[in-house]
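# Only the shape, not the letters, is given here:
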């Protein structure tokens, strides 16, 4: 099992300057890449990363928070892997991501709606 990946990270391989530290790199990714990706980008990025993980023998992944979790689920469904997927939210400033902060109540509501939607797995036709 790969216990921590993000589909959108596959979409910026080789784009970030190599001299960035962890927090600087993370802020660059979240401000320049992750928040501008479309659902289709995450589906295709996800398919790419899932193919890589399958080649290494990984059959179960934890997608540790996506801005487009429905698209991530769609990507996983095309491959047929097992996955635990979450909706990315921030209720406090972390590594400079102040532009992403929402209230704790909003974060909880967004994740509750996401979990409720998929608590039985993919909807019919999904």
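Sure thing, it's come through. Not measured: the values here are computed from a predicted model.
# got a pLDDT number for residue 55?
If you check residue 55, the pLDDT there is 91.
# ok, now residue 104?
94.
# My read is that it contacts residue 91, right?
Yes: contact criterion CB atoms under 8 Å: residue 104 and residue 91 qualify, at 4.3 Å. No exception for glycine: its C-beta is placed from N, CA and C like everyone else's.
# Those two: which is more packed in?
residue 91 (14 against 11; other CB atoms under 10 Å).
# residues in contact with the more buried one?
101, 102, 103, 104, 106, 107 (CB atoms under 8 Å, 6 or more residues apart in numbering).
# which residues sit against stretch 47-59?
1-2, 5, 7, 9-10, 61, 75-76, 78-79, 81-82.
# Show me which of those residues is closest to residue 20.
residue 9 (13.8 Å; CB to CB).
# Can you name the residues that contact the closest one?
29, 45, 49.
# Based on its surroundings, how many neighbours for the closest residue to residue 63 other than its chain neighbours?
Distances taken as CB to CB, 6 or more residues apart in numbering place residue 85 nearest to residue 63, at 4.5 Å, with adjacent residues excluded. Taking other CB under 10 Å as the neighbour definition, residue 85 ends up with a count of 21.
# Surely residue 85 is within a strand?
Yes: judged by DSSP: H, G, I helix; E, B strand; the rest coil, residue 85 forms part of a strand.
# Number the chain from 16, please
Yep, numbering from 16; the last one is residue 100 now.
# Look up phi and psi at the residue lying closest to residue 118 once chain neighbours are set aside.
Leaving aside its chain neighbours, residue 118 sits nearest to residue 106 (6.7 Å; criterion: CB to CB, 6+ apart). Main-chain dihedrals, residue 106, degrees, to the nearest 10: phi -110, psi 10.
# Number of residues surrounding residue 122?
Neighbours around residue 122, by other CB under 10 Å: 17.
# Now it: which helix or strand?
helix 119-133 (DSSP states H and E).
# Run through who's touching that helix.
Helix 119-133 has contacts (CB under 8 Å, 6+ apart) with 84, 88, 100, 101, 102, 104, 105, 106, 117, 138.
# Determine how far that helix lies from the middle of the whole chain.
15 Å (CA atoms, centre = their mean, to the nearest Å).
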